[in-house]
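# Would you be able to build a 3D model of this:
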Amino acid sequence: MHGSITLVIITVLLALLFDFLNGFHDAANAIATVVSTRVLKPHWAVLWAAFFNFIAFLFFGLHVAGTIGVGLIDPSVVNEQMVFAALIGAIFWNIFTWYFGLPSSSSHALIGGLLGAGIAKAGFAPLKMWGISKVLIAIIISPLLGMILGLLFMFLVSLLFFHSSPKKINSWFKRLQLMSSALISIGHGGNDAQKTMGIIAILLFSAHLSGDTFHVPLWVVFACYFVIALGTLFGGWRIVRTMGIKITKLKPIGGFCAETSSALTIFLATWLGIPVSTTHTITGSIMGVGTLHRFSAVRWGVAQNIIWAWILTIPAAGLVSALAWYLVNLF
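Residues are numbered from 1 along each chain as shown. Alright, predicted model coming up:
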């Protein structure tokens, strides 16, 4: 029993490390556009984003945490070793893609880790295909919806302010971009922190430390929001450059449209309990905004590299977590 409790504590700390890396890795989602348009300096931008990451608990329920906890794999097969292995796979992929500056999805790294460890432990039988299919569909839908909304917002705003001077437009949208960057930070905190909550909650439930029914303890909610905000505070500067500069050049009006469209997409997914990638969504939105100017304004070579990182994330994290599960069970 003592060994089991020790593993639970280590795995909770590992989950919080993943949460921190999620904020660190995905800080670019909230701050890249506001930095690249020079609305805020980088250190103010990360403070701004971290604050709104944390207060996201005021706006959302815990539907995403429920999906991660009990919506992908039958909870009866989950144990401490499996959750530990899942987190190893997700953390490895996060660090790998951070090192190479690829804005891959922390969300899908975690999902890949869960599925890989689950399959290694019990085969395909415990997988809940409805929950998994929702996530897989969201991989395609979220960036497309972000792109369509980004293109639509940019088109409507361009029509409304067609006769305004560029100086006035920049002045207005610099202020509005503060609001839109706050929205995407709330969306990021609301969706992404819940993924770690779901992992910790199913860990505690499977170890019989949280009662007879699955739920997310209040301390887990606040710990996960605090840690993801802390990760954002430290920032992922390598990825900021890719997201804010390499994909397309943005002005405040474009930054506002990209952030608002991606925030709305993430809000919708969070309310529906779907764990989506904020990275996918903001990237799609930036592409949509860039496409309105001209098709060549988007650097499609960079976009292609990002898409490959998306495709590889779930299987790569899954393979690492499956290997980790076998190694953990050797000892």
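
# Pretty sure residue 281 sits against residue 143.
Yes. Between residue 281 and residue 143 a contact is recorded at 6.1 Å, counting by C-beta atoms under 8 Å. For glycine as for every other residue, the C-beta is placed from the backbone atoms N, C-alpha and C.

# got any residues that touch both of those two?
By C-beta atoms under 8 Å, 6 or more residues apart in numbering, residue 281 and residue 143 have no common neighbours.

# neighbour-wise, which of these two wins?
residue 281 (34 against 27; other C-beta atoms under 10 Å).

# so how far is residue 107 from residue 20?
15 Å (C-beta to C-beta, to the nearest Å).

# cool, residue 222 as well?
Plainly put, residue 222 is 21 Å away from residue 107 if you go by C-beta to C-beta.

# Comparing these two, which residue is more hemmed in?
Shown here are residue 222 and residue 107; by other C-beta under 10 Å, residue 107 has more neighbours (30 against 14).

# That one is in what secondary structure piece?
Secondary structure assignment for residue 107, by DSSP states H and E: helix 106-122.

# tell me the mean pLDDT for the helix or strand that that helix is followed by?
Next helix or strand after helix 106-122 toward the C-terminus (DSSP H and E): helix 129-160. The pLDDT scores in helix 129-160 average 89.

# Pull out the buried residues from stretch 175-186.
For stretch 175-186, a neighbour-count test (16 or more other C-beta atoms under 10 Å) marks 176-178, 180-186 as buried.

# so how far is it off the chain centroid?
17 Å (C-alpha atoms, centre = their mean, to the nearest Å).

# Could you do stretch 308-316 as well?
Distance, centroid of stretch 308-316 to centroid of chain: 14 Å (C-alpha atoms, centre = their mean).

# could the buried residues of stretch 175-186 go into a markdown table alongside distance to residue 65 and secondary structure?
Shown next, in a markdown table, are those (distance: C-beta to C-beta, whole Å; DSSP: H, G, I helix; E, B strand; the rest coil):
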| residue | distance to residue 65 | secondary structure |
| --- | --- | --- |
| 176 | 32 | helix |
| 177 | 30 | helix |
| 178 | 29 | helix |
| 180 | 26 | helix |
| 181 | 25 | helix |
| 182 | 23 | helix |
| 183 | 21 | helix |
| 184 | 20 | helix |
| 185 | 19 | helix |
| 186 | 16 | helix |
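
# Serialize these to a markdown table and add fields for distance to residue 44 and pLDDT.
Output for the buried residues of stretch 175-186, formatted as a markdown table (distance: C-beta to C-beta, whole Å; pLDDT from 0 to 100):
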| residue | distance to residue 44 | pLDDT |
| --- | --- | --- |
| 176 | 17 | 88 |
| 177 | 13 | 85 |
| 178 | 10 | 86 |
| 180 | 16 | 89 |
| 181 | 11 | 86 |
| 182 | 13 | 91 |
| 183 | 17 | 92 |
| 184 | 16 | 89 |
| 185 | 13 | 89 |
| 186 | 17 | 93 |
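
# which one of the residues you listed sits closest to residue 45?
Residue 45 lies nearest to residue 181 out of the buried residues of stretch 175-186, by C-beta to C-beta, at 7.3 Å.

# Surely the closest one and residue 37 touch.
No. Between residue 181 and residue 37 there is no contact under C-beta under 8 Å: 9.8 Å.

# Now list whatever residues contact both of these two.
Common neighbours of residue 181 and residue 37 (criterion: C-beta under 8 Å, 6+ apart): residue 255.

# For residue 147, give me its contacts.
Residue 147 sits next to 284-285, 287-288, 291 when contact means C-beta under 8 Å, 6+ apart.

# For these, pick the one with the most neighbours.
Counting by other C-beta under 10 Å, top hit in those: residue 285 with 34 neighbours.

# Doesn't it lie inside a helix?
Yes. Using DSSP: H, G, I helix; E, B strand; the rest coil, the secondary structure at residue 285 is a helix.

# for the stretch 201-331 of the chain, what spans make up the helices?
Applying DSSP state H, counting those that start in this stretch to the stretch 201-331 of the chain gives helices spanning 218-234, 237-241, 252-271, 278-293, 300-330.
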